[in-house]
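*Asks:* Whatever this is, show me its structure:
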Amino acid sequence: QVQFVESGGGLVHPGGSLRLSCAASGLSPFDYYALQWYRQTSGKERELVATIGSGGRSTYYADFVKGRFTISRDNAKNAVYLQMDHLEPEDTAVYYCNVNSLVKYWGQGTQVTVSS
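*Replies:* Here you go, the predicted structure:
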């Protein structure tokens, strides 16, 4: 079955950076699918952060992260990444990766906390 395992979260000061990683399994062929990062704060709906096309050239960013976050992928490693710079307290959330499809496969996510 399809599984996503997110990692790389942690506690960071405002203005700092983190790089999230996501390892995918069971998604074949991996380079056929567009991939996404979502985030969710307690009590709120999960929201889309970024999308990357199957070839890695096309990207989409939510307005609230545009210019600060960068999504990338390594098809040879079945992995997708989220480089997060200039982090703000409002970015505090659990971050998830997933496939861009009607059917979603949610992993455990990785907690990102931005606080001084």
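
*Asks:* Only C-alpha atoms from now on, for both contacts and neighbour counts.
*Replies:* OK.

*Asks:* So what sits opposite the residue most central in space within the chain in the bridge?
*Replies:* The centroid of the chain falls nearest to Trp37 when counting by CA atoms, centre = their mean (2.9 Å). When assigned by DSSP bridges, Trp37 has beta-bridge partners Ala50, Cys97.

*Asks:* for the record, mean pLDDT for stretch 104-111?
*Replies:* Per-residue pLDDT values across stretch 104-111 average out to 95.

*Asks:* if we can go back for a sec, can you pull the contacts of the residue nearest to the centre of the chain?
*Replies:* The contact partners of Trp37, by CA atoms under 8 Å, 6 or more residues apart in numbering, come to Leu48, Val49, Ala50, Thr51, Leu82, Tyr95, Tyr96, Cys97, Asn98.

*Asks:* What of Asp85?
*Replies:* Counted by CA under 8 Å, 6+ apart, Asp85 has contacts Gly15, Gly16, Ser17, Leu18, Arg68, Phe69.

*Asks:* and what of Val5?
*Replies:* Under the contact definition (CA under 8 Å, 6+ apart), the residues listed for Val5 are Cys22, Ala23, Ala24, Gly107, Gln108, Gly109.

*Asks:* Could you do Gly15 as well?
*Replies:* The neighbourhood of Gly15, defined by CA under 8 Å, 6+ apart, consists of Asp85, His86, Leu87, Glu88.

*Asks:* and the residue lying closest to the last one once chain neighbours are set aside, how many neighbours?
*Replies:* On the basis of CA to CA, 6 or more residues apart in numbering, the spatially nearest residue to Glu88 that is not a chain neighbour turns out to be Pro14, at 5.1 Å. Each residue near Pro14 was counted by other CA atoms under 10 Å, and the total is 17.

*Asks:* Need the contact partners of stretch 20-34.
*Replies:* Applying CA under 8 Å, 6+ apart, the external contacts of stretch 20-34 come out as 1-9, 51-55, 75, 77-84, 97, 99-100.

*Asks:* Now restrict those to buried residues only.
*Replies:* Burial by neighbour count, 16 or more other CA atoms under 10 Å: within the contacts of stretch 20-34 this picks out 3-9, 51-54, 78-82, 84, 97, 99-100.
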